[in-house]
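S.K.: Predicted model and sequence follow; I will ask about them next.
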Amino acid sequence: MQTARLVAPSLCLSVLIASSAARAENWPSWRGPTSNGISTEKNVPTQWGRDQNIAWRLPLPGQAGATPVVWNDRIFLTSVDGGELVLICVGIDGKEQWKRKVGSGDRKVRDDEGNMASPSPCTDGKHVWATFGTGDVACFDFDGKQVWRQNLQDQFGRFNIQFGMASTPVLDGDRLYLQMIHGEGSAKTTEATVAAIDKRTGKEVWRQKRVTGAYDENEHSYASPMLYDFGGTKFLITHGADYTIAYDLEQGRELWRLGGLNPHDDPKRRYHNTLRFVASPAAAAGIVVVPTAKNGPVFAVRPDYKGDITAVDAAQLWMRPANTPDVPSPLIHDGLVYLCRENGNLLCVDATTGQELYEQRTETDRHRASPIYADGHVYLTARKGTVTVVKAGRKFEAVASNVLDETTTASPVVSNGTIYIRTFDALWAIKQR
């Protein structure tokens, strides 16, 4: 007869955490596992508060708008720490594992709207890459050992961008893809740079000049490049300086470009010389949704056309003349496009036709984070820390309004059955009790 053996509670907890991490869907980049803000995890909480469904709260050394990334039992996020720019590794138990300096020279921009820790990190499960608005970029292994470090301004030329480089790189295969859209603010032709660097060494693989006719502040873009990867078709989407332009990943050849986002020669629409882009495009199978700024238009285009598709009706699915998100990126799921405007209004349109299904106000506050989808719900994050949960579908149904009362501009993350929210003050783990 066997005798039952008592197991220490701490050992049980360790086993449960390891088992949860092994089953978890990773969130390796700003927009998640498929670069579109969508999680496939179930039993994701929809309601929480400071005394409800909070697994832990970890105070952080400084503010940042960078979204965390998660791989198994590791969470990585960038931050400021005094005058230093740092990468922090946190366990899913809420304990800091290590912190590494990547650069220095933080500055706040637009009345505390952001700082130099705005680009989000990315990971492939073995290494993590951290980028900052100063151009500092570094690669570390999961134990915190530095593999390489450099500054993009030394490599590609001085940044001249009003509020710092906020663009998050795209990691795919063995390369990091960068868009550096900035100019002198007076030239009549913008020649920004799109580049690929080797993730293992930081060395340049290719670079291409991104030529447009943008001028003044429109030479600056705070959007991030995105990856289209559906049905065997894969390319890089860049966004800024009045154009959305797609590039071949292998050599950086231009595949197509969409103008008309801020027309230069349209007698009905005056050129808007401060229409700099912040919201990034979104992609799903057979569609790329392109936002603009300042209540401008929204375009939906087919991904398989070549050349200048600005005036090609067959290449465009639909266009809304107004109501663009200003900072949050669009979300596409199950044949619907969700557009979260900066004032908290949520628009839902049919992805195929562009038909508006509803427009409803949610939290009346600035919205800087991009919406995500998880377990039948859309999550919208307001700057004061309130997250509105809306049931996904063709009819508007608000499920919950969850208040943390801490400033946040980072997008939520879902992994381990947990929602991770990064505020200016702390990293929160929200899990169904």
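M.R.: Structure's in. What do you need?
S.K.: tell me the strands in the stretch 1-150 of the chain, going along the chain?
M.R.: 38-39, 54-59, 69-71, 74-81, 84-91, 96-104, 122-123, 127-131, 136-141, 146-151 (DSSP state E, counting those that start in this stretch).
S.K.: how about those in a markdown table, adding distance to residue 274, mean neighbour count and mean pLDDT?
M.R.: The way it works is simple: take the backbone N, C-alpha and C, and place the C-beta from them, glycine included. Supplementary listing: these in a markdown table, determined by distance: least, Cβ to Cβ, whole Å; neighbours: other Cβ atoms under 10 Å; pLDDT from 0 to 100:
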| stretch | distance to residue 274 | mean neighbour count | mean pLDDT |
| --- | --- | --- | --- |
| strand 38-39 | 32 | 20 | 98 |
| strand 54-59 | 37 | 16 | 98 |
| strand 69-71 | 32 | 24 | 98 |
| strand 74-81 | 27 | 23 | 97 |
| strand 84-91 | 28 | 22 | 98 |
| strand 96-104 | 29 | 17 | 97 |
| strand 122-123 | 30 | 22 | 98 |
| strand 127-131 | 25 | 26 | 98 |
| strand 136-141 | 28 | 20 | 98 |
| strand 146-151 | 28 | 15 | 98 |
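S.K.: now these in JSON lines, with distance to residue 413?
M.R.: What follows is these, written out as JSON lines (distance: least, Cβ to Cβ, whole Å):
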{"stretch": "strand 38-39", "distance to residue 413": "9"}
{"stretch": "strand 54-59", "distance to residue 413": "14"}
{"stretch": "strand 69-71", "distance to residue 413": "6"}
{"stretch": "strand 74-81", "distance to residue 413": "8"}
{"stretch": "strand 84-91", "distance to residue 413": "12"}
{"stretch": "strand 96-104", "distance to residue 413": "17"}
{"stretch": "strand 122-123", "distance to residue 413": "12"}
{"stretch": "strand 127-131", "distance to residue 413": "14"}
{"stretch": "strand 136-141", "distance to residue 413": "19"}
{"stretch": "strand 146-151", "distance to residue 413": "24"}
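S.K.: Could you name the stretch from the ones you listed that's closest to residue 355?
M.R.: strand 38-39 (21.9 Å; Cβ to Cβ).
S.K.: of the strands of the stretch 1-150 of the chain, which approaches residue 302 most closely?
M.R.: Of all these, the one in closest proximity to residue 302, counting by Cβ to Cβ, is strand 38-39 (20.5 Å).
S.K.: And the helices in this structure?
M.R.: With helices called from DSSP state H, the chain shows them at 9-23, 152-156.
S.K.: Those helices: lowest mean pLDDT?
M.R.: Mean pLDDT is lowest for helix 9-23 out of those, coming in at a mean of 42.
S.K.: Tell me the bridge partners for residue 247.
M.R.: residue 236, residue 254 (DSSP bridges).
S.K.: tell me the pLDDT at it?
M.R.: If you check residue 247, the pLDDT there is 98.
S.K.: which residues does it contact?
M.R.: 194, 208, 235-236, 238, 253-255 (Cβ atoms under 8 Å, 6 or more residues apart in numbering).
S.K.: Could you identify which of those has the most neighbours?
M.R.: Among these, the one with the most neighbours (other Cβ atoms under 10 Å) is residue 238, at 30 neighbours.
S.K.: correct me, but that one touches residue 228?
M.R.: No: Residue 238 lies out of contact with residue 228 (Cβ atoms under 8 Å); the separation is 11.4 Å.
S.K.: Now residue 258: closest residue in space, sequence neighbours ignored.
M.R.: Residue nearest to residue 258 in three dimensions, not counting chain neighbours: residue 244, with 4.5 Å by Cβ to Cβ, 6 or more residues apart in numbering.
S.K.: And residue 357, by the same measure?
M.R.: residue 348 (4.6 Å).
S.K.: what residues are up against the one you found?
M.R.: Contact analysis of residue 348 by Cβ under 8 Å, 6+ apart lists 336-339, 356-359, 394, 396.
S.K.: Turn those into JSON lines, including pLDDT.
M.R.: JSON lines is the format used below for the contacts of residue 348 (pLDDT from 0 to 100):
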{"residue": "336", "pLDDT": "98"}
{"residue": "337", "pLDDT": "98"}
{"residue": "338", "pLDDT": "98"}
{"residue": "339", "pLDDT": "98"}
{"residue": "356", "pLDDT": "98"}
{"residue": "357", "pLDDT": "98"}
{"residue": "358", "pLDDT": "98"}
{"residue": "359", "pLDDT": "98"}
{"residue": "394", "pLDDT": "98"}
{"residue": "396", "pLDDT": "98"}
